[in-house]
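Asker: Sequence first, predicted model second:
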Amino acid sequence: TDWVSRLPAIEFAINLASSETTSISPFEANTGRTPRAMVWNNPTKDEYPSVRVYLQKMKAAQMAAHDSMLEARLKQAQFANRRRQVCPFKEGDLAYV
């Protein structure tokens, strides 16, 4: 099989997929935009933004990713704490470490 030749396409697909935690793709988190999946699609007008617009998009993407990560952290903590119990050990008890 020629799986090695397909690795770049697989990596591109993975980086194009949205993360469940951040709700954006790694491409969007790094560059502020999602690239076209097919190179022959027509570019949109905002695909080549000015520097100021680009930086604003980058800041917005990073802030959105940060907010999504905080929401995911709270959700994960609530899930983990749902079945958490008070430690059954008392001072002076012996335990294996």
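Answerer: Sure, I can see it.

Asker: only C-alpha atoms for contact and neighbour calcs from this point on.
Answerer: Noted.

Asker: what comes into contact with stretch 5-15?
Answerer: Taking contacts as CA atoms under 8 Å, 6 or more residues apart in numbering, the residues outside stretch 5-15 that touch it are 25, 26, 27.

Asker: average pLDDT across it?
Answerer: The predicted model assigns stretch 5-15 a mean pLDDT of 80.

Asker: re earlier: out of the contacts of stretch 5-15, which is most surrounded?
Answerer: Using other CA atoms under 10 Å as the neighbour test, the contacts of stretch 5-15 are led by residue 25, with 22 neighbours.

Asker: So which residues of this protein form helices?
Answerer: Taking DSSP state H as the criterion, the chain contains helices spanning 3-16, 26-31, 51-81.

Asker: most packed of these?
Answerer: Each of these was scored by mean neighbour count; the highest is helix 26-31, a mean of 18, by mean count of other CA atoms under 10 Å.

Asker: which secondary structure elements does it contact?
Answerer: helix 3-16, helix 51-81 (3 or more CA pairs under 8 Å, 6 or more residues apart in numbering; DSSP states H and E).
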